[in-house]
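In: Build the 3D model from these lines:
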Amino acid sequence: MALSYIPNASRVGSPPPLVESPSKHLVEGVQEVYVEHKNQLLHALDSTTSILGDLRKFNKDHWVVRYPQLSEQPAPEASNSSRRKSMRRSLSFPDDPSFAADVIVGPAKAGLTRSVTLASIADKDEEEPAEADDDCDRLVSPAEASDFHVFRLDLKLGAHGSSSSPAALVAQLEKSSIANLLDDRILNAVGHLDKLRSRIEDTSSKVLVTGDLNAGKSTFVNALLGREIMPVDQQPCTTAFCEVHDASENGGKEELHILKEGVTYSVADESTFTRASLPDLDAIVSENENDSQVLKVYLADPRDPQASLLSNGIVDISLIDAPGLNRDNTHTTRVFARQEEIDVVVFVVSAENHFTLSAKEFLTNASHEKAYLFIVVNKYEQIRDKAKCRRRVLEQIKQLSPRTYEDAADLVHFVDSQHALHESSESFSALESSLRSFVLVKRSKSKLAPASTYLTKLLADVDLLVGANAIVAQTELDRALNDLQRVRPVLEKMKSGREVLDESLESVEDLGATRTRMRTKELLSDAVERVGQGKLGIEDSSISLPSYPGLLGIWDYVRDVRSVLLSSLDAAVKLAEDEARSVTSGAVNKITQLGDEHLPEGVERSRRIFMPEAMFSVRSDKKSNRKSRRTSGTVVAGGIYGLGIGLAQRPDMLDTTFFDLFDVHHQFWVHFGEGKTESKDDMAVSTLGFASVGLGALTMVGGKALGARGLFEGVVRVWDLMENEAARKWAAPVLGAVTIGLATYFVLELPSTVPRTVGRRIKATLAREVEELGEDASFVGSHSARVSRETRKVLRLASWDLKERFRAAMEEHGREVYSAEETEQRAKKALDWFHEVQRRAGEVRESVVLVSAA
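Out: The predicted model follows:
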């Protein structure tokens, strides 16, 4: 059918069209088109409700939906002409001040199809063919295109949009807090969709007549009814909602029903209302001026159905006379809430006062859902400069309701209701015809268009919301992919190199401990051999053999030689420790190099500083007693001098005996040890026997006696020898020879023989410790093990520190990879879901646009 339900803007100011009486065929055709469009719109409402339900669930379970804010930004000077309908905006989020991106908001035309694209992507697109810039196709102004309509949140303290308002209220709010606010707004939208569905399914149409006080609303209603029913006074008198219905809905009876509060009204249930007669309406309204009542007025209109609005023969109509807007806040709020269930709003404005603040606020609020409003400029005949009045009113309407302005010829009427009530008026007749056409013939505009307008704005908000969140999801996805590209190779390298690092550290530790053990063993073994030869264990300028003091100081000389030789062995231990420190330092540096090779960049290196001098040191207990680091009870090298097991401090090693002067066992082994055996008691007297006598005598007269037992044994041996005749015979020659030999020995050989003798005895003592205690407890073995243990302890500590840093770094990178993978999966899922919502919203929008454009 060639019926125009959304006239073009070119009709502004054109003369009112002549409305032909609809034939039966025309009425049936209009009804068929209406039913078809109604079904499409109901399906769109259900689909939109499903989208909003999925959006709430996704916001709760999978993704915190962010609330975007778009601020204006000057477009580049060299912008393409094909982009002139797009607007460059700065995208930000109140819960994340750090996020900022330049975006292109697509044109908001019929259906409010909006897109949000990153400016960097949009600028790279190829230039599209230029299109005609039909601003008349826009449902909202360009300034409103980048803002929400239904989902709009006031996140400021003070007036909305005020430049002087305080800081944003959400500065300390979490993302989930704003998401909860947004969820409440979505829930309200779902509730409003349910109301829209009920309104569309309702076969009747509700026409709300409202306006400012004393604008002549009741007079206008009476003029429409053709009789004076509504109370009229110079002072405001309408405080109740008076709903006028056709008497056919009440069994053909004209009467007044006063609804009871808290009870659902039913015309068949008298318990829900109180009956009254029509003449009582004036008194009831006057008596209950301060009460918020709803009155049902049933009238019989005797006029022809083609001239009557109530009894039109097409659809049931209820005409609602509402209280004035600017009477008080309570009444104004009631009218605001009531308009959501209204199909057509007839706004009556006085030609004398034009639109007040309360009127502008009401029309702005109503325009969110109803793109078309029926505006009656009353008391127009009383205006002297009618052209000026018409021009100023239309300018205001253009700002308040652009769609109404575009169809001003049918929707804006300048009349005088008081004059039309008593006399016929051409302007009022045109108003009645336009109102009947708007309510009855053009029901797709009057009844379906408000729901279509609300849906298109709601879907546009969904587009803006999911478009902005898709940008966030894409940003998080890109960041996650970049993080994975940066971190994952590092983690894989660390995993593959962990075993190599462990083996390298173990190798460094074992090699260092082995080298120090072998080197210590080598040094100390050589030192013991040198001492056994009567030499110092090591060449050390601070240690030297004492000078021979002469025969009278021979005993002190032997003791000093023993002490110096033992000290040289302790110095050898110190030298081994110093070399162990050097080896350990090199091994620690090697561990540091391994850390540089295996630890990734950005990981803090160890702040430990290796101090070689701290090795083999002693510590003090609480009583300031010096203790070894070891807890075994063994004295640390050098005792108080820190030189190892201090041989020069051991009393058993410092004891000096006669055998330090002449080692009988050694001399016997040298002369007779090779294949020679001794006889027993009957062995003949030999030179050795006499030598023994001489040695026994020497022992007795020496500076230090061997003791009573030794003295007694010597006397007995000498006496036994003297009883032998052969011995007495040889005694004088032997004693002489011995005396000469001893004199020669003391004078010539003793100074050089004592160091060798003492050294051999020290070596023999250490050798006996090996046989008695074992290799590990010997002088060489224990020091080798101790030095090796100290080296291993230091290297193990350095290795453990590196391993811990490596483990912590690998765990940190593992967490980063895991978090990035989770973010990647979540962002991909969100991005796909947002794109799917955009597709679903686009399909719904197409059906809504078809209904709006039909």
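
In: Break down the stretch 701-850 of the chain into its helices, ranges please.
Out: 708-723, 725-744, 750-773, 779-853 (DSSP state H, counting those that start in this stretch).

In: Format those as JSON lines; extra columns: mean pLDDT and mean neighbour count.
Out: C-beta here means a position set from N, CA and C on the backbone, and glycine is covered the same way. Formatted as JSON lines, these follow (pLDDT from 0 to 100; neighbours: other CB atoms under 10 Å):
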{"stretch": "helix 708-723", "mean pLDDT": "62", "mean neighbour count": "12"}
{"stretch": "helix 725-744", "mean pLDDT": "67", "mean neighbour count": "13"}
{"stretch": "helix 750-773", "mean pLDDT": "81", "mean neighbour count": "17"}
{"stretch": "helix 779-853", "mean pLDDT": "90", "mean neighbour count": "18"}
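
In: Pull out the buried positions in stretch 520-539.
Out: Under the neighbour-count criterion of 16 or more other CB atoms under 10 Å, stretch 520-539 has 520-521, 523-524, 527-528, 530-532, 534-538 buried.

In: model confidence over that stretch, on average?
Out: The average pLDDT for stretch 520-539 rounds to 89.

In: Ok, stretch 341-352 next?
Out: Stretch 341-352 comes out at a mean pLDDT of 86.

In: cool, stretch 223-239 as well?
Out: 75.

In: still on that earlier bit, please identify which pair of the buried residues of stretch 520-539 lies farthest apart.
Out: Pairwise distances across those (CB to CB) peak at 23.3 Å, for the pair Thr520 and Gly534.

In: burial of the nearest residue to Thr453 once chain neighbours are set aside, as a residue count?
Out: With sequence-adjacent residues excluded and distances taken as CB to CB, 6 or more residues apart in numbering, Thr453 is closest to Ala371, at 4.2 Å. By the measure other CB atoms under 10 Å, the count of residues near Ala371 is 25.

In: From Ile342, how far off is Ala371?
Out: To Ile342, Ala371 is 14 Å away according to CB to CB, to the nearest Å.

In: ok, now Lys206?
Out: 5 Å.

In: Give the residues shared as contacts by these two.
Out: Ile320 (CB atoms under 8 Å, 6 or more residues apart in numbering).

In: what angle do whatever helix or strand Leu464 lives in and helix 750-773 make?
Out: Here Leu464 sits within helix 449-532, counting by DSSP states H and E. Going by axes from the mean of the first three to the mean of the last three CA atoms, to 10 degrees, helix 449-532 is angled at 130 degrees with respect to helix 750-773.

In: now for the longest strand seen in the chain, which elements pack on it?
Out: Counting residues, the longest strand in the chain under DSSP state E turns out to be strand 96-105. With contacts taken as 3 or more CB pairs under 8 Å, 6 or more residues apart in numbering; DSSP states H and E, strand 96-105 sits against strand 87-93, strand 116-118, helix 119-122, helix 449-532.

In: about what we covered before: can you lay out the buried residues of stretch 520-539 as CSV showing distance to Trp63?
Out: Formatted as CSV, the buried residues of stretch 520-539 follow (distance: CB to CB, whole Å):
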residue, distance to Trp63
Thr520, 67
Lys521, 70
Leu523, 72
Leu524, 73
Ala527, 77
Val528, 79
Arg530, 82
Val531, 83
Gly532, 86
Gly534, 90
Lys535, 86
Leu536, 83
Gly537, 79
Ile538, 77
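
In: closest to Glu769 among those residues?
Out: Among the buried residues of stretch 520-539, and counting by CB to CB, the member closest to Glu769 is Val528, at 11.1 Å.

In: got any ranges where the stretch 451-600 of the chain has weak pLDDT?
Out: Residue ranges of the stretch 451-600 of the chain with pLDDT under 70: none are present.

In: try the stretch 1-150 of the chain
Out: 1-30, 73-87, 106-115, 118-146.

In: how about 90 then?
Out: 1-41, 59-150 (pLDDT under 90).

In: what would the helices and strands packed on strand 96-105 look like in a markdown table with distance to Ser434?
Out: Shown next, in a markdown table, are the helices and strands packed on strand 96-105 (distance: least, CB to CB, whole Å):
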| stretch | distance to Ser434 |
| --- | --- |
| strand 87-93 | 36 |
| strand 116-118 | 40 |
| helix 119-122 | 44 |
| helix 449-532 | 15 |
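
In: so which of the ones you listed comes closest to Leu193?
Out: Closest to Leu193 of these, according to CB to CB: helix 449-532, at 7.8 Å.

In: Rebuild the helices of the stretch 701-850 of the chain as JSON lines, extending it with distance to Ser90.
Out: Below are those laid out as JSON lines (distance: least, CB to CB, whole Å):
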{"stretch": "helix 708-723", "distance to Ser90": "112"}
{"stretch": "helix 725-744", "distance to Ser90": "115"}
{"stretch": "helix 750-773", "distance to Ser90": "86"}
{"stretch": "helix 779-853", "distance to Ser90": "21"}
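
In: Which one of these lies nearest to Pro302?
Out: Nearest to Pro302, of all these, is helix 779-853, at 36.4 Å by CB to CB.

In: which strands and helices sit next to that closest one?
Out: When contacts are defined as 3+ CB pairs under 8 Å, 6+ apart, helix 779-853 sits against helix 24-61, helix 449-532, helix 554-598, helix 750-773.

In: Quickly note the distance from the nearest residue to Gln293 once chain neighbours are set aside to Ala830.
Out: Using CB to CB, 6+ apart and skipping residues adjacent in sequence, the residue nearest Gln293 is Ala240, 4.1 Å away. Distance, Ala240 to Ala830, using CB to CB: 51 Å.

In: and what of Leu435?
Out: From Leu435 across to Ala830, the span is 49 Å (CB to CB).

In: ok, now Thr765?
Out: 84 Å.

In: How about Ala409?
Out: With distances taken as CB to CB, Ala409 is found 48 Å from Ala830.

In: Same check on Ser90?
Out: With CB to CB as the criterion, Ser90 and Ala830 are 22 Å apart.

In: Please apply the same query to Pro755.
Out: Distance, Pro755 to Ala830, by CB to CB: 91 Å.

In: ok, Val528 - contacts?
Out: 537, 569, 763, 766, 779-780.

In: which one of those sits closest to Val35?
Out: Val780 (111.9 Å).

In: so Arg826 touches Val64, yeah?
Out: No. Using CB atoms under 8 Å as the test, Arg826 is too far from Val64 to be in contact (10.5 Å).

In: contacting residues for Asp183?
Out: Asp183 neighbours (CB under 8 Å, 6+ apart): 56, 59-60.

In: coming back round to it: among the helices of the stretch 701-850 of the chain, which is nearest Arg608?
Out: Here helix 779-853 is closest among the helices of the stretch 701-850 of the chain (CB to CB), at 6.1 Å.

In: angle of that closest one against helix 750-773?
Out: Using the same axes, to 10 degrees, the direction of helix 779-853 lies 50 degrees away from that of helix 750-773.

In: Pull up the gap between the closest residue to Arg390 other than its chain neighbours and Lys386, please.
Out: Using CB to CB, 6+ apart and skipping the chain neighbours, the partner closest in space to Arg390 is Phe414 (6.2 Å). Distance of Phe414 to Lys386, given as CB to CB: 7 Å.
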